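*Asks:* Pasting the sequence and the predicted model now:
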Amino acid sequence: PLFYLTTYSTSVLQYSSSTGSLLLALNNAVNSIARVVMGLLADRVGRQNTLVVSVLLSAVSVFALWYDASRAKFIAFVVLYGILAGGYNSLLPTTITEVYGVQNYDAVNGAIYFLRGLGAIAGPPIAGAILGSHSRSSSGIASGTGFTVGILESKYKDVAIYDGMLLMGASLCVAYVR
């Protein structure tokens, strides 16, 4: 979601570019605090339990709050996704150690981050291909692109489904390891 958070907010919700940037900053600020809080929560209820719930609820937040989002729903999504994604980022290294042992940490961590890297390289361009090419003018969608706000909103719904399904797949993988 982070790759398209600002473009969704400016293109579909018609926020200014500076507001779109502030929403991304808000997400990152909430996420940085949530990483610590998720670690503390994991100490109480277990790393793997917290990780499974965090990834699953990240996916649910995409479907419930980003898909067909109004301005208020989208701000709720920005905050909630920032909280929930904090668990995935902060708990992955300790969960690897817990599941595979310290002696295997380097190899497993390298493999997981290699796969995450492939996803980071391929995921946003695929979402961009789903979204298609458009540009934004001061009065909305630029003329000559063939896009209206309604069409663009529909394409962002497809991107949200794509993203939510990837997160659901990650949820299944994490739950399987659990």
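*Replies:* Ah, there it is.
*Asks:* quick one: the strands in the protein?
*Replies:* Along the chain, the segments classed as strands by DSSP state E run 136-137, 140-141.
*Asks:* Give me the mean pLDDT for the last one.
*Replies:* Same thing as strand 140-141. For strand 140-141, mean pLDDT is 51.
*Asks:* Likewise for the first one?
*Replies:* Here the mean pLDDT over strand 136-137 is 50, rounded to a whole number.
*Asks:* hey, where'd the helices end up in the chain?
*Replies:* Using DSSP state H, the helices found in the chain span residues 5-11, 17-45, 47-61, 71-100, 105-131, 149-177.
*Asks:* Need those in TSV (columns: mean pLDDT and mean neighbour count).
*Replies:* Glycine gets a C-beta too; all of them are placed from N, C-alpha and C. Formatted as TSV, the helices of the chain follow (pLDDT from 0 to 100; neighbours: other C-beta atoms under 10 Å):
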stretch	mean pLDDT	mean neighbour count
helix 5-11	92	21
helix 17-45	95	15
helix 47-61	94	21
helix 71-100	92	19
helix 105-131	92	13
helix 149-177	92	17
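*Asks:* pretty sure Glu153 contacts Val12?
*Replies:* Yes. Look at Glu153 against Val12 with C-beta atoms under 8 Å: they come within range, at 4.9 Å.
*Asks:* How about Val159, nearest residue that isn't a chain neighbour?
*Replies:* Nearest non-adjacent residue to Val159, counting by C-beta to C-beta, 6 or more residues apart in numbering: Ala127, 4.9 Å away.
*Asks:* who touches that neighbour in this structure?
*Replies:* Contacts for Ala127 were tallied using C-beta atoms under 8 Å, 6 or more residues apart in numbering; they are Phe3, Tyr4, Val159, Tyr162, Asp163.
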